[in-house]
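*Asks:* after the sequence you'll find the predicted model.
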Amino acid sequence: MSDITEKKRKHDNDSVSKKEKKVKKDKKEKRDKKEKKEKKEKKDKKDTKEKKEKKEESNEESVDIIETPIEEINAFLKENEITIENGDNLNIQPIINFKSLSNYNINSKISKCLNKFDKPSPIQASAWPYLFKGHDIIGVAETGSGKTLGFGVPAINHIVKSNNKKLQVLVVSPTRELATQIYDNLKELTDSTSLNCVCVYGGVPKDQQRKDIAKSQCVIATPGRLVDFINEGSINLNDVDYLVLDEADRMLEKGFEEDIKLIIKSVKNERQTLMFTATWPKEVRELANGFMKNPIKVNVGNRDELTANKRITQYVEVIDPYDKEKRLIQLLNQYQSKNKDDKILIFALYKKEASRIERSLKYKGFEVAALHGDLSQIQRQQALDSFKKGECNLLLATDVAARGLDIPNVKVVINLTFPLTIEDYVHRIGRTGRAGKTGIAHTLFTEHEKHLAGALGNVLRGADQEVPDELLKFGSHTKKKEHGAYGAFFKNVDMSKKAKKITFD
Ligand SMILES: Nc1ncnc2c1ncn2[C@@H]1O[C@H](COP(=O)(O)OP(=O)(O)OP(=O)(O)O)[C@@H](O)[C@H]1O
């Protein structure tokens, strides 16, 4: 090849590669421009969203403080027999209507979830203001009075306000079914605020729970599975600064103490601690104080004495133990209603007893579901679901169903065998007469339970119910419950110091 031809070829090649380079450069510039534009649009969109949210927030902030007249507040406290005790002599008005929630900058998405109700229930009205301000609380109010949202609304608002995605709220519940129910309640709130919540309980595989924990800000748990996860390092509670013990007296009883100790040791020291229940026996009060900082005690109804919901009509029949089953059939025939929605809940004491009675009822032609500890978790959940949905209107349960379960249209509770404690009696019958409704509790009482006759008599009197003569014959002696738990964890609190009862004047 001649020099000239070689030069021409080189020149041609150069100009081709220059052209290619230019095309490439143009393409890149175009691409960059497009990316830049997309980025800007994205940012603008985000800014607008943030601005909108900020505006909403500032709107909330700029809302005028809603003052409720003192006379109205005092009438509300009196009518609902509310006492608020605290050592710091704080004087914070209850939130007696949802409008007043704006005084506390409650996230509007959370308050929207409450639209289905007319007004806060007495425990919500009186506990919320203290909880929004970050205080520890012991909330004691009758069964079915809305305690779940009483601790749940401030819990989720606490996460929203913190503006971080760490796990911050822990709710501990004694049974799997109750944990699931609390989860359903709180999920409505977390979903509205695009936060995540997980329910952690035993009897089902762990894998999915582990995955869900990793992305959740709120955990509802039964103690056993939670302790499992703590021990295997699958859950980090270091940032939990809002701790709720639901059914607190049960959680502080012997049997749960080791788990509760470990759980409390695993959460943040600087935290808000809440204890909610319908029964607050003297035996656990000092112990509870040891886990809390100057707790405010909110009492709805005269709950220094054990009291049952007064909208429940209580019948107590003293009976020969051998006649119980025959009487149960008569009661079922008497109470089974033509209204297909009405439900009856029967309580037995032991799992074996529950299984035996279930078989016997089925043999006699009753359609009955059963819920007790000898069943698998799937069977337990199926029985509860079919009872809740009304597919089967008769449920036979042990005390696993005594606390917290909120099942619509339970018209009658039958105590086939009396529970081990008088507190359990109050919780069992509290499965009826919920959220302002009425109900019936029919109890078969035998000489085997005579040591609880005095306490039962007091509960009946306290709720303005008739005390049968046969019950009085057992005398009024009440066996004291003992509490030997908590060893070194136990903190002696000076109970002689009287807390102040607040009145608004
Ligand atoms: N402000 C309200 N007004 C009317 N109903 C309400 C209100 N808040 C909650 N409820 C309803 O009251 C029912 C009982 O509530 P919840 O289960 O929280 O009771 P509880 O006090 O925890 O009862 P328990 O002592 O048996 O655990 C639920 O169906 C709930 O939806």
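*Replies:* That came through, no problem.
*Asks:* low-confidence stretches in the stretch 401-505 of the chain?
*Replies:* Counting by pLDDT under 70, the ranges of the stretch 401-505 of the chain that qualify are 477-505.
*Asks:* what do you get for the stretch 51-200 of the chain?
*Replies:* Along the stretch 51-200 of the chain, segments meeting pLDDT under 70 span 51-66.
*Asks:* contact residues of it facing the ligand?
*Replies:* Selection of the stretch 51-200 of the chain residues close to the ligand by Cβ under 6 Å from any ligand atom yields 117, 120-121, 124, 143-149. In this view, the C-beta of every residue, glycine as well, is placed from N, C-alpha and C.
*Asks:* switch to 8 Å and redo it
*Replies:* Applying Cβ under 8 Å from any ligand atom, one finds that the stretch 51-200 of the chain approaches the ligand through 114, 117-121, 123-124, 141-150, 178, 181, 185.
*Asks:* the closest residue to Lys362 other than its chain neighbours and the ligand, how far apart?
*Replies:* Excluding the flanking residues, the one nearest Lys362 by Cβ to Cβ, 6 or more residues apart in numbering is Val368, at 6.2 Å. Relative to the ligand, Val368 is positioned 23 Å away (Cβ to the nearest ligand atom, to the nearest Å).
*Asks:* show me where the stretch 51-200 of the chain has helices.
*Replies:* 70-79, 108-112, 122-132, 147-162, 176-192 (DSSP state H, counting those that start in this stretch).
*Asks:* winner for burial among the ones you listed?
*Replies:* Among these, helix 122-132 has the highest mean neighbour count (mean count of other Cβ atoms under 10 Å), at a mean of 26.
*Asks:* tell me what it is packed against?
*Replies:* helix 70-79, strand 82-86, strand 137-140, helix 147-162, strand 296-300 (3 or more Cβ pairs under 8 Å, 6 or more residues apart in numbering; DSSP states H and E).
*Asks:* what lies in contact with the helix or strand where Leu384 lies?
*Replies:* Element membership for Leu384, per DSSP states H and E: helix 377-389. The contact list for helix 377-389 (Cβ atoms under 8 Å, 6 or more residues apart in numbering) reads 176-177, 180, 201-204, 343, 345, 369-372, 375, 392-395, 400-401, 405, 407-408.
*Asks:* among the residues you listed, which ones are in strands?
*Replies:* Judged by DSSP state E, the subset of the contacts of helix 377-389 located in strands is 343, 345, 369-371, 394-395.
*Asks:* and the furthest pair within these?
*Replies:* Spatially, the most separated pair among the ones in strands among the contacts of helix 377-389 is Lys343 and Ala370, at 14.3 Å (Cβ to Cβ).
*Asks:* neighbour count for those two, which is higher?
*Replies:* Neighbour count, other Cβ atoms under 10 Å: between Lys343 and Ala370, Ala370 has more, with 26 against 23.
*Asks:* show me what contacts that one?
*Replies:* Applying Cβ under 8 Å, 6+ apart to Ala370 gives the contacts 354-355, 358, 383, 395-397.
*Asks:* mind doing that once more with 7 Å?
*Replies:* 354, 358, 383, 396 (Cβ atoms under 7 Å, 6 or more residues apart in numbering).
*Asks:* pull up the residues of the stretch 251-400 of the chain that are close to the ligand.
*Replies:* So far as Cβ under 8 Å from any ligand atom goes, the stretch 251-400 of the chain lies against the ligand at 276-278.
*Asks:* from these, pick the one nearest the ligand.
*Replies:* Ala278 (4.1 Å; Cβ to the nearest ligand atom).
*Asks:* from Asn164, how far out is the closest residue to that closest one other than its chain neighbours?
*Replies:* Take Ala278 and drop its neighbours on the chain: the residue closest to it by Cβ to Cβ, 6+ apart is Thr143, 4.6 Å away. Distance from Thr143 to Asn164, counting by Cβ to Cβ, to the nearest Å: 36 Å.
*Asks:* between these two, point out the one with more neighbours.
*Replies:* Ranked by neighbour count (other Cβ under 10 Å), Thr143 and Asn164 place Thr143 first, with 24 against 10.
*Asks:* farthest-apart pair in the contacts of Ala370, please.
*Replies:* Across these, no pair lies farther apart than Ala354 and Ala383, at 10.9 Å, counting by Cβ to Cβ.
*Asks:* in terms of contact, does Thr148 touch Tyr183 like I think?
*Replies:* No: at 10.3 Å, Thr148 does not count as touching Tyr183 under the criterion of Cβ atoms under 7 Å.
*Asks:* contact residues of the stretch 401-505 of the chain facing the ligand?
*Replies:* Contacts of the stretch 401-505 of the chain with the ligand, taken as Cβ under 8 Å from any ligand atom, map to 403-406, 408, 427, 430-431, 434-436.
*Asks:* please enumerate the helices of the stretch 251-400 of the chain.
*Replies:* Using DSSP H, counting those that start in this stretch, the helices of the stretch 251-400 of the chain run over 257-266, 282-289, 324-335, 351-363, 377-389.
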